[in-house]
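> Everything below, folded, please.
(2 chains, ligands or ions: 2)
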There are 2 protein chains.
Amino acid sequence: MSSSSSSSQNTLKVGIVGFGTFGQFLASTMLKQGHTITVTSRTDYSQLCNQLGIPFFRDALPFLEADNDVILICTSIISLSDVLKSLPLHCLTRRTLFVDVLSVKEHPRNLLLQVLAEEMDVLCTHPMFGPESGKNGWKDLSFMYDKVRVRDEVTCSSFLSIFESEGCRMMEMSCEEHDKLAAKSQFVTHAIGRILVEIGIESTSINTKSFETLVKLKENVSNSSFDLFSGLFIHNRFAKQELMNLEQGFEMVKQKLLKMNEEQNLSKSNNAMNGY
Amino acid sequence: MSSSSSSSQNTLKVGIVGFGTFGQFLASTMLKQGHTITVTSRTDYSQLCNQLGIPFFRDALPFLEADNDVILICTSIISLSDVLKSLPLHCLTRRTLFVDVLSVKEHPRNLLLQVLAEEMDVLCTHPMFGPESGKNGWKDLSFMYDKVRVRDEVTCSSFLSIFESEGCRMMEMSCEEHDKLAAKSQFVTHAIGRILVEIGIESTSINTKSFETLVKLKENVSNSSFDLFSGLFIHNRFAKQELMNLEQGFEMVKQKLLKMNEEQNLSKSNNAMNGY
Ligand SMILES: NC(=O)c1ccc[n+]([C@@H]2O[C@H](COP(=O)([O-])OP(=O)(O)OC[C@H]3O[C@@H](n4cnc5c(N)ncnc54)[C@H](OP(=O)(O)O)[C@@H]3O)[C@@H](O)[C@H]2O)c1
Ligand SMILES: NC(=O)c1ccc[n+]([C@@H]2O[C@H](COP(=O)([O-])OP(=O)(O)OC[C@H]3O[C@@H](n4cnc5c(N)ncnc54)[C@H](OP(=O)(O)O)[C@@H]3O)[C@@H](O)[C@H]2O)c1
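Ligands and ions are numbered 1, 2, ... in the order given. The predicted structure follows:
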């Protein structure tokens, strides 16, 4: 059997690193499912954790010594490298499944393989939803994962069950494939949302349905951190190309409009000359 | 009473000029409501009109002589000027209500006031929906209108009832106010949709909900004509500013990303120098 110390096969001891928006969001479902949670984070969440009835460790050492089945990394993309370096990982004495939920995948995979001892398991995941899209449950929302280095299959599948049992669409794919697709979809979405934030679109009294979806996109993006957005760009090697595509796409649209405008002006002045 | 020749107070004789996507879409609801429709258009729609049991006139003269209560203009924005010039409007012998449904409003208002005889009434409108958003009925969808020159209130309110009775949110506002708001909402929406068409976004196996709304926006915009989009730009004097805002918004987002990227690279190389 696995090295799991949990009493029931499906109940896991999960240590969360990074208890911001998304860490809290995942914790609430895991608690509902009966898993045991401990937390460490940069910010002091001891009061919130007290309310939730879960231990908060300011210090990473006792956190790592708490005998977790899973260490769940929920920090921002751009802080991951520093956060991993700050953990006294050599103190881990048992095989532990390291899972990350970062919105880019090659970057955490590479860092985790670099800093973790060989006996640690690594599962890279990306739940394709957040507090807004997942507020009424996770049914039919996609959950991407890559079993980067998994020997303890029981713990790994217990962890995946957290999402499976909520009805997520489980998508196994490589970190590379994820980053390619996510650059073309999620990064582009956030980029457009950020542009809408910049120009400050606002609901009007004559909204079309399509415009309303853009207002909602703008609001969702405003509620996510700029760290998240810049992480999508900096640590996904496919994102730069998509930013260039977006710029070229804008330029094409602009040129087409200006050309049409010129043609109309020309035909207007021709008509005028023809004594129209 | 009004000059309406219709037997029932609420049943109108409507002559449609321009029987493209949107003209047909409006006609189907008007027919359902029991109004009498006649059609003229650049393209020969005699077969379609035959199926619908309504007369199609290739020639504008008999069309105008058909004694309509309302002439409903559903041509593209950019062709309006030529279409109006091609109509033998001097043949109209009775007061008629001219209504347009163009997605810009100052432009048709100015043209209609210019070409129509003083005794003709003018109602400028913009149904803020189309075949896609209105496919399951028009309830709670906005309908903007401006009574630019209305003496025959009975015919005008009978016409407005077409939309009111379907549950539209009736928004009375000036053409100028409409164009200001529509540049900030509908034009921006179409511009982003067109950019998404240019870069060719496609549904992936790991769509987020927000990305799915962009895929839908792209599809909706692909289904509308480029004439419509260019009309939104060329004939709304507030649109150019919005295109500039969009460009600046993009530039701001890009600069923020590049700055964050640089900072991360800097701190990485500092860490390297500190022997991290
Ligand atoms: N939000 C979503 O919808 C969503 C969906 C899927 C995946 N994700 C991923 O989940 C992770 C968390 O996302 P988020 O929405 O909570 O926002 P975020 O801004 O990406 O990350 C916030 C978290 O990062 C920690 N953090 C930031 N800078 C730090 C630093 N210098 N040192 C130590 N910790 C630092 C914060 O710790 P403190 O709170 O202690 O300050 C907090 O826990 C990200 O990797 C994101 O890509 C998010
Ligand atoms: N589609 C929508 O969702 C929507 C919503 C609200 C308002 N509108 C407005 O409704 C009007 C029609 O829109 P649409 O979606 O049907 O597409 P459109 O491309 O804007 O207009 C197509 C109509 O314009 C006519 N037309 C185009 N060029 C012409 C020319 N050179 N001479 C004569 N007629 C010409 C076409 O006639 P033929 O078909 O005979 O070729 C067709 O009836 C537009 O003013 C638009 O702004 C559209």
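> neighbours around the residue of the stretch 151-276 of chain A found nearest ligand 2, how many?
Of all residues in the stretch 151-276 of chain A, residue A:208 sits closest to ligand 2, at 8.3 Å by Cβ to the nearest ligand atom. C-beta: built from backbone N, CA, C; applies to glycine. Counted with other Cβ atoms under 10 Å in any protein chain shown, the neighbours of residue A:208 add up to 24.
> any idea how far chain B is from it?
Residue A:208 sits at a distance of 5 Å from chain B (criterion: Cβ to the nearest Cβ, to the nearest Å).
> Check what pLDDT that residue gets.
According to the prediction, residue A:208 has pLDDT 97.
> need the contact list for it.
If you count contacts by Cβ atoms under 8 Å, 6 or more residues apart in numbering or on different chains, residue A:208 has them with B:128, B:129, B:133, B:142, B:185, B:186, B:189.
> got any ranges where chain A has weak pLDDT?
By pLDDT under 70, the low-scoring segments of chain A are A:1-9, A:272-276.
> show me where it has strands.
Counting by DSSP state E, chain A has these strands, from start to end: A:13-17, A:36-40, A:56-57, A:70-73, A:97-100, A:121-127, A:142-149, A:169-172.
> Indicate which one of those strands is closest to residue B:102.
Between residue B:102 and the strands of chain A, the tightest spacing by Cβ to Cβ is seen for strand A:142-149, at 41.0 Å.
> how far is that closest one from where the chain is centred?
On the basis of Cα atoms, centre = their mean, to the nearest Å, strand A:142-149 sits 13 Å off its chain's mean C-alpha point.
> does ligand 1 sit close to that strand?
No: applying Cβ under 6 Å from any ligand atom, one finds strand A:142-149 out of contact with ligand 1, separated by at least 9.9 Å.
> Packing partners of that strand?
Judged by 3 or more Cβ pairs under 8 Å, 6 or more residues apart in numbering or on different chains; DSSP states H and E, the packing partners of strand A:142-149 are helix A:106-115, strand A:121-127, helix A:153-164, strand A:169-172, helix A:175-182.
> Pick the most deeply packed of these.
With neighbours taken as mean count of other Cβ atoms under 10 Å in any protein chain shown, the helices and strands packed on strand A:142-149 reach their highest mean count in strand A:121-127, at a mean of 24.
> strands paired with that one, and their directions?
strand A:97-100 (parallel), strand A:142-149 (antiparallel) (DSSP bridges).
> How about the residues of the stretch 51-200 of chain A by ligand 1?
Neighbours of ligand 1 within the stretch 51-200 of chain A, by Cβ under 6 Å from any ligand atom: A:74, A:75, A:76, A:77, A:79, A:82, A:83, A:101, A:102, A:103, A:127, A:130.
> run the last query once more with 8 Å
By the rule Cβ under 8 Å from any ligand atom, the part of the stretch 51-200 of chain A lying against ligand 1 is A:73-80, A:82-83, A:86, A:100-104, A:126-134.
> Quick check: closest non-adjacent residue to whichever residue of the stretch 1-150 of chain A sits closest to ligand 2.
Residue nearest to ligand 2 within the stretch 1-150 of chain A (Cβ to the nearest ligand atom): residue A:133, separated by 27.5 Å. In this structure, residue A:133 finds its nearest non-sequential neighbour in residue B:209, 4.0 Å apart by Cβ to Cβ, 6 or more residues apart in numbering or on different chains.
> same check, this time on residue A:231
Leaving out its chain neighbours, the residue that sits closest to residue A:231 by Cβ to Cβ, 6+ apart is residue A:77, at 2.6 Å.
> list the contacts for the one you found?
By Cβ under 8 Å, 6+ apart, residue A:77 lies in contact with A:102, A:103, A:104, A:107, A:108, A:227, A:228, A:230, A:231, A:232, A:234, A:235.
> among those residues, which two are most distant?
Longest span within the contacts of residue A:77, Cβ to Cβ: A:108 and A:230, 15.6 Å.
> Centroid-nearest residue for chain A?
Geometric centre of chain A, nearest residue: residue A:103, 3.2 Å, by Cα atoms, centre = their mean.
> Of the residues of the stretch 51-200 of chain A next to ligand 1, which count as buried by neighbour count?
In those, burial by neighbour count holds for A:73-78, A:80, A:83, A:100-104, A:126-130, A:133-134, counting by 16 or more other Cβ atoms under 10 Å in any protein chain shown.
> quick one: which of the residues you listed sit in helices?
A:80, A:83 (DSSP state H).
> if I pick residue A:241, what's in contact with it?
With contact taken as Cβ under 8 Å, 6+ apart, residue A:241 is in contact with residue A:183.
> For the residue of the stretch 1-150 of chain A found nearest chain B, what are phi and psi?
In the stretch 1-150 of chain A, the residue found nearest to chain B is residue A:133; the distance is 4.0 Å by Cβ to the nearest Cβ. As for residue A:133, its main-chain torsions (degrees, to the nearest 10) stand at phi -70, psi -20.
> pretty sure it contacts residue A:141?
Yes: contact status for residue A:133 versus residue A:141: in contact at 6.6 Å, counting by Cβ atoms under 8 Å.
> what do the two both touch?
residue B:209.
> what residues are up against residue A:121?
A:95, A:96, A:97, A:98, A:149, A:150, A:151, A:152, A:155, A:156.
> Could you rerun that using 7 Å?
If a contact means Cβ atoms under 7 Å, 6 or more residues apart in numbering or on different chains, then residue A:121 has A:95, A:97, A:98, A:149, A:150, A:151, A:152, A:156 as its contacts.
> before we move on, back to that, can you add distance to ligand 2 and give the helices and strands packed on strand A:142-149 back as JSON lines?
Formatted as JSON lines, the helices and strands packed on strand A:142-149 follow (distance: least, Cβ to the nearest ligand atom, whole Å):
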{"stretch": "helix A:106-115", "distance to ligand 2": "42"}
{"stretch": "strand A:121-127", "distance to ligand 2": "36"}
{"stretch": "helix A:153-164", "distance to ligand 2": "39"}
{"stretch": "strand A:169-172", "distance to ligand 2": "33"}
{"stretch": "helix A:175-182", "distance to ligand 2": "31"}
